[in-house]
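Trainee: Give me a 3D structure for the following:
(one chain, ligands or ions: 2)
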Amino acid sequence: MQALQVKILDERMRSQLPTYGTPGSAGLDLRACIDETIEIAPGQTVLVPTGLAIFVEDPGYAALILPRSGLGHKHGIVLGNLVGLIDSDYQGQLMVSTWNRGSTPFKLEPMERLAQLVIVPVQQVELKVVEEFAQSSRGAGGFGSTGRA
Ligand SMILES: O=c1ccn([C@H]2C[C@H](O)[C@@H](COP(=O)(O)OP(=O)(O)OP(=O)(O)O)O2)c(=O)[nH]1
Ligand SMILES: [Mg+2]
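Mentor: Numbers count the residues shown, from 1 in each chain. Ligands and ions are numbered 1, 2, ... in the order given. Here you go, the predicted model:
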C-alpha cells in the first residue's frame, strides 16, 4: 500500500484517522468536522470541513470525494458538486459540499462519516490537434444511439 501525506487540521481527527473499513474497501470515510449539529434543509447545500488536508503530490494520481451510498439513498445527502476532484497539488483542507437533495431536513452530527475519499490514477495528456480521426465503428453516435437499455 502506498503512503499518502496527511495534515491534521482538527485535533479530533488525530485519534480517528480514516481507515479502510474492510480489506477490499476503495474509500476512506471523511468525517464532518463541525462543532455543533447542523440542520440541512431540503435543497440546501453546506460546505463542511473534514479536519484533514492531503498532498497527493504525484500528478499521476488524484483523489475523488464521493457520497456514501447509505446517506445518499436513504437520506438524500449527496454532494453539491456531484463529485469532488482533489488535484494532486491541492494542499488545503478537504471540504465536502453537502447537498440535501431530499424532501426532509437532515441533522448532520459532529464527526459523523459524511463522504468518502478514493485515490485514483490519472493520465495527464498533451493535446495534439488533428483535422480527421481514424474512422471508428461508433463515429459520433452517442446519447442512446445504440438503443434503449
Ligand atoms: O469537493 C471538493 C472539490 C474540490 N476541493 C478542493 C480540492 C481541489 O483541488 C480544489 C479545486 O477544485 P476544482 O478544480 O474542482 O474547483 P474549481 O472551481 O475549478 O476551483 P479552482 O479554480 O481553485 O481550481 O478544491 C475540495 O476540497 N472538495
Ligand atoms: Mg479547477
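Trainee: Pro49 looks like it's in a strand, true?
Mentor: Yes - the assignment for Pro49 by DSSP: H, G, I helix; E, B strand; the rest coil puts it in a strand.
Trainee: and the protein, which of its residues are near ligand 1?
Mentor: Contact residues (C-beta under 6 Å from any ligand atom) of the chain with ligand 1: 65, 81, 84-87, 90, 94-95, 97. C-beta coordinates here come from the backbone N, C-alpha and C atoms, glycine included.
Trainee: Helices along the chain, start to end?
Mentor: 69-75 (DSSP state H).
Trainee: OK, now which residue of it is nearest to ligand 1?
Mentor: Residue nearest to ligand 1 within the chain: Gly84 (2.2 Å; C-beta to the nearest ligand atom).
Trainee: residue contacts, that residue?
Mentor: Contacts for Gly84 (C-beta atoms under 8 Å, 6 or more residues apart in numbering) come out as 64-66, 94-97, 115.
Trainee: what two of the residues of the chain next to ligand 1 have the greatest distance between them?
Mentor: Asp87 and Ser97 (15.6 Å; C-beta to C-beta).
Trainee: which one of the two has more residues nearby?
Mentor: Ser97 (16 against 11; other C-beta atoms under 10 Å).
Trainee: Pretty sure that one sits against Pro49.
Mentor: No - with contact defined as C-beta atoms under 8 Å, Ser97 does not reach Pro49; the gap is 11.4 Å.
Trainee: can you count the residues close to the spatially closest residue to Gly51 that is not a sequence neighbour?
Mentor: Taking C-beta to C-beta, 6 or more residues apart in numbering as the measure, Gly51 lies nearest to Asp10, with 3.0 Å between them; neighbours along the chain are not counted. For Asp10, the count of nearby residues is 16 (other C-beta under 10 Å).
Trainee: Against Met111, how distant is Asp10?
Mentor: 9 Å (C-beta to C-beta, to the nearest Å).
Trainee: any residues in contact with both of those two?
Mentor: Cys33.
Trainee: And the residue most central in space within the chain, how far from Ile86?
Mentor: Nearest to the geometric centre of the chain sits Ile65, at 0.8 Å (C-alpha atoms, centre = their mean). Going from Ile65 to Ile86 by C-beta to C-beta gives 7 Å.
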